[in-house]
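>>> Pasting the sequence and the predicted coordinates here, then a few questions.
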Amino acid sequence: MKYKVDENSAMVYSTAEGNLCPSCGKARMQCVCSKTVNAIKGDGPVHVGRETKGRKGKGVTVVSGLALSAAALQELAKALKQKCGAGGTIKDNVIEIQGDHRDAIVAELIQRGYKAKKSGG
């Protein structure tokens, strides 16, 4: 198991669990301690792309880079699915919406105050 250690020698990343809470050592999404916010750090703007890999040619719109808790991510995914009139899911803190809805999702995220941009072709 590989991991990164911060300057206080607390484990903050594990290849098995992903980002870890430095206070309790649990995965960020299972963290229940009051010292940390239960959110994954975003990597700048929210990226909205399209993928077909592993889906037999069927495309999905992928929204990544959101710094939200599990409950807030679930709520946003529900709103985006309703906006697009399509199904979808959340996998590894990435929202997947069935079909190509990049323009509608970018517009909705910008309206909600996120820095969103289309990625890929």
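Okay, I see it.
>>> Can you point out the buried residues in the lengthiest helix in the chain?
As assigned by DSSP state H, the longest helix anywhere in the chain is helix 70-84. Under the neighbour-count criterion of 16 or more other CB atoms under 10 Å, helix 70-84 has 73, 76-77, 80-81, 84 buried. Any C-beta I mention is one placed from the backbone N, CA and C, and that applies to glycine too.
>>> now for it, which elements pack on it?
Applying 3 or more CB pairs under 8 Å, 6 or more residues apart in numbering; DSSP states H and E, one finds that helix 70-84 makes contact with strand 88-91, strand 94-98, helix 102-111.
>>> Specify the residue ranges that define each domain of the chain.
1-38, 46-118 (automatic domain parsing).
>>> for the protein, what are the low-confidence residue spans?
Counting by pLDDT under 70, the chain contains low-confidence residues at 1-18, 20-23, 28-43, 121.
>>> Could you pull up phi and psi at the residue nearest to Ile110 when sequence neighbours are not counted?
Nearest residue to Ile110, sequence neighbours excluded (CB to CB, 6 or more residues apart in numbering): Ala116, at 5.4 Å. Dihedral pair for Ala116: phi -120, psi 140, per degrees, to the nearest 10.
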